[in-house]
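[1] predicted model, plus sequence, below.
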Number of protein chains: 2
Amino acid sequence: MMNSPCPLDHIRIVLSHTSHPGNIGAAARAMKTMGLSALYLVDPKIFPDAEAQALASHATDILQQAHVCTELHQALDRTALVAAVTARPRDLSHKVFDARQGAQELVRAAQLQPVALLFGRESSGLTAAEVSKCQIIIHIPANPDYPSLNLASAVQVMAYELRMALLEQAMPATAAEACPLASFNELESLYAHLEELMITSGFLNPQQPKRLMPRIRRLFARARLEKEEVQILRGILAALGKRW
Amino acid sequence: MMNSPCPLDHIRIVLSHTSHPGNIGAAARAMKTMGLSALYLVDPKIFPDAEAQALASHATDILQQAHVCTELHQALDRTALVAAVTARPRDLSHKVFDARQGAQELVRAAQLQPVALLFGRESSGLTAAEVSKCQIIIHIPANPDYPSLNLASAVQVMAYELRMALLEQAMPATAAEACPLASFNELESLYAHLEELMITSGFLNPQQPKRLMPRIRRLFARARLEKEEVQILRGILAALGKRW
């Protein structure tokens, strides 16, 4: 049997619009202590930076190999599962896991395909647009009076839970889970196709979109669509769309 | 029955001989995010300090109330259980728990009596003399090639596990699960509607149905559709079906 790669190598830590370079360095250290290595930075305010290097301690290799992107979708390219990390589950439109369950989901999916864990700005967290690109929300249980974990601390807790999930997961993926999941790109194409048909058929008024597309994203996010299922849905849309 | 205090109020975080005041502040913040408040500092190199204040963010109250001691035994006064936190369990003369099991032990004991969680120096960890004052050792699982968690990160992981141990006693259903689910009849009507359109549009050949409908049922079954979502999907099908 071929030696399969460690699932932790398939897990991307994506930091969106980080303000303080020290937090990037501290996050890299947190990752390395738990065996993670793939760091993606979306439009960081300051990077590279001496303070990031200092706080990374012996994890500067992770900073050197970090992928710096201008747009979130670049960091999520080809991922099969994207989880948004929030200190409080504001957005109830996604399935919410606590840190432990969420880490288990990610490690399971990462056995076969790349996955991503998305962290937002230090000040304001993730935007609704960013969360809409995710399939699940991971909530780190916290003190309701002060749930503001430092960014690197949140990365540390999740990295720890990912390692714990790996250690506990002697179980292989079940047969149902072994079907390859649709990629981020395939899902976005499906949503675009559906939205276009909803508009041309008059069901969706682009001037008054209400919450239709977010609700549909939420529904399919819960299902964790497989590649073949996206192909089937695209086929149905193509057939129904022939007369529009 | 008297309202009993929260076990977290009985758990002391004891930092021994901390070199960097920033780590003390970051540890205070980590504690507060998880609902801990009792900080004990044994002979800190620099305290109080502006950097500690800055990194504590909104947890400066914990710094103000911190107990500064010259000797470890003062910080452990009247505790019923003391746990030494190490990145690697060197000392096999104590019972070793991982972070999760150790937190459960501490929360259980803290229901009745004060307990302490002891963290050593940033550079060299706990001395043998310090470990000898503890009853158990708690090991945070880490990358064997680089197990050096930042001090505040180690406090964050343990504080998180203490909160999880507390929460595990009663887990309420999440709000997301509270939306009414579609009934069996609503689902069957949705599948019938979709199947009819798939046939009239030529996507599904009723003479050669293959496994299309079972796959679609499986997909939506995984999503656990809500009532409102079925209404949206029915609306889309009605709109797209107008020209067939």
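    Happy to help now that I have it.

[2] what comes up buried for stretch A:190-202?
    For stretch A:190-202, burial by neighbour count (16 or more other CB atoms under 10 Å in any protein chain shown) applies to A:L190, A:H193, A:L194, A:E195, A:L197, A:M198, A:S201. The C-beta positions use only the backbone N, C-alpha and C, and glycine is treated the same way.

[3] show me the contacts for the closest residue to A:L126 other than its chain neighbours.
    Closest residue to A:L126 apart from its sequence neighbours, by CB to CB, 6 or more residues apart in numbering or on different chains: A:G120 at 3.5 Å. For A:G120, the contact set (CB atoms under 8 Å, 6 or more residues apart in numbering or on different chains) comprises A:S16, A:H17, A:A84, A:V85, A:T86, A:L126, A:T127, A:E130.

[4] farthest-apart pair in those, please.
    A:H17 and A:T86 (15.1 Å; CB to CB).

[5] where do the strands sit along chain A?
    Secondary structure of chain A, counting by DSSP state E: strands at A:11-16, A:38-42, A:67-69, A:81-86, A:95-98, A:115-119, A:136-139.

[6] which outside residues touch the second one?
    Residues lying outside strand A:38-42 but in contact with it, judged by CB under 8 Å, 6+ apart, are A:9-18, A:24, A:27-28, A:31, A:47, A:62-63, A:65-72, A:74-75, A:116.

[7] kindly report the same for the third one.
    With CB under 8 Å, 6+ apart as the contact definition, strand A:67-69 has outside contacts at A:A38, A:L39, A:Y40, A:L41, A:V42, A:D43, A:P44, A:F47, A:A75.

[8] count of neighbours near the second one?
    Look at A:L39: counted by other CB atoms under 10 Å in any protein chain shown, it has 25 neighbours.

[9] just the pLDDT for the most centrally placed residue in chain A.
    Central residue of chain A (CA atoms, centre = their mean): A:V82, 2.5 Å from the mean position. On the pLDDT scale, A:V82 is placed at 93.

[10] also A:S189?
    96.

[11] also A:A173?
    According to the model, A:A173 scores 52 on pLDDT.

[12] how does chain A divide into domains?
    Listed by automatic domain parsing, the domain ranges of chain A are A:7-168, A:179-241.

[13] ends of the longest one, how far apart?
    Domain A:7-168 has its terminal residues 13 Å apart, counting by CA to CA, to the nearest Å.

[14] likewise for the shortest one?
    Domain A:179-241 has an end-to-end distance of 28 Å (criterion: CA to CA).

[15] now do that domain: distance to the chain's middle.
    A distance of 19 Å separates the centroid of the chain from that of domain A:179-241, by CA atoms, centre = their mean, to the nearest Å.

[16] could I get the strands of chain A as CSV with distance to B:I138?
    Listed next are these as CSV, based on distance: least, CB to CB, whole Å:
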stretch, distance to B:I138
strand A:11-16, 25
strand A:38-42, 28
strand A:67-69, 35
strand A:81-86, 25
strand A:95-98, 21
strand A:115-119, 25
strand A:136-139, 24
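
[17] mean pLDDT lowest where, among these?
    Mean pLDDT is lowest for strand A:95-98 out of those, coming in at a mean of 89.

[18] with only the CA atoms kept, save that strand in PDB.
    What follows is strand A:95-98, C-alpha atoms only, in PDB (Å, rounded to 0.1, in the frame of the first residue of the first chain):
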ATOM      1  CA  LYS A  95     -24.400  24.200  10.100                       C
ATOM      2  CA  VAL A  96     -22.500  25.100  13.200                       C
ATOM      3  CA  PHE A  97     -20.000  22.800  14.800                       C
ATOM      4  CA  ASP A  98     -18.100  23.400  18.000                       C
END
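
[19] which residues touch that strand?
    By CB under 8 Å, 6+ apart, strand A:95-98 touches A:83, A:89, A:105, A:135-141, A:221-222, B:164, B:174, B:176.

[20] partner strands of it and their direction?
    Strand pairing for strand A:95-98, using DSSP bridges, gives strand A:136-139 (parallel).

[21] count the neighbours of A:A59 for me.
    25.

[22] do the one 4 residues further on as well
    As a burial measure, A:L63 scores 22 neighbours (other CB under 10 Å).

[23] got the contact list for it?
    A:I24, A:G25, A:A28, A:L39, A:P48, A:A52, A:Q53, A:A56.

[24] could you do A:I136 as well?
    Per CB under 8 Å, 6+ apart, neighbours of A:I136: A:L81, A:V82, A:A83, A:A84, A:H94, A:K95, A:V96, A:F97, A:G102, A:E105, A:A221.

[25] which of the residues you listed sits closest to B:A154?
    A:G102 (21.4 Å).

[26] leaving out sequence neighbours, find the closest residue to the closest one.
    A:G102 sits nearest to A:I138 (CB to CB, 6+ apart), 3.4 Å away.

[27] how many neighbours does the one you found have?
    27.

[28] same check, this time on A:G125
    Residues near A:G125, counting by other CB under 10 Å: 19.

[29] from chain B, how far off is the nearest residue to it once chain neighbours are set aside?
    Leaving aside its chain neighbours, A:G125 sits nearest to A:T86 (6.1 Å; criterion: CB to CB, 6+ apart). Noted for A:T86: a distance of 13 Å to chain B, by CB to the nearest CB, to the nearest Å.

[30] so what's A:T86 bridging to?
    Beta-bridge partners of A:T86, as defined by DSSP bridges: A:H139.

[31] what residues are up against it?
    A:T86 touches A:G120, A:G125, A:L126, A:V131, A:I137, A:I138, A:H139, A:I140, counting by CB under 8 Å, 6+ apart.

[32] roughly how far does it sit from B:K45?
    For A:T86, the distance to B:K45 (CB to CB, to the nearest Å) stands at 36 Å.

[33] from one end of stretch A:101-115 to the other, what's the distance?
    Span of stretch A:101-115 from end to end, CA to CA: 15 Å.

[34] ok, residues contacting it?
    A:4, A:7-8, A:10-12, A:78-83, A:97, A:117, A:136, A:138-139, A:158, A:161-162, A:164-166, A:168-169, A:172-173, A:177-178, A:180-181, A:183.
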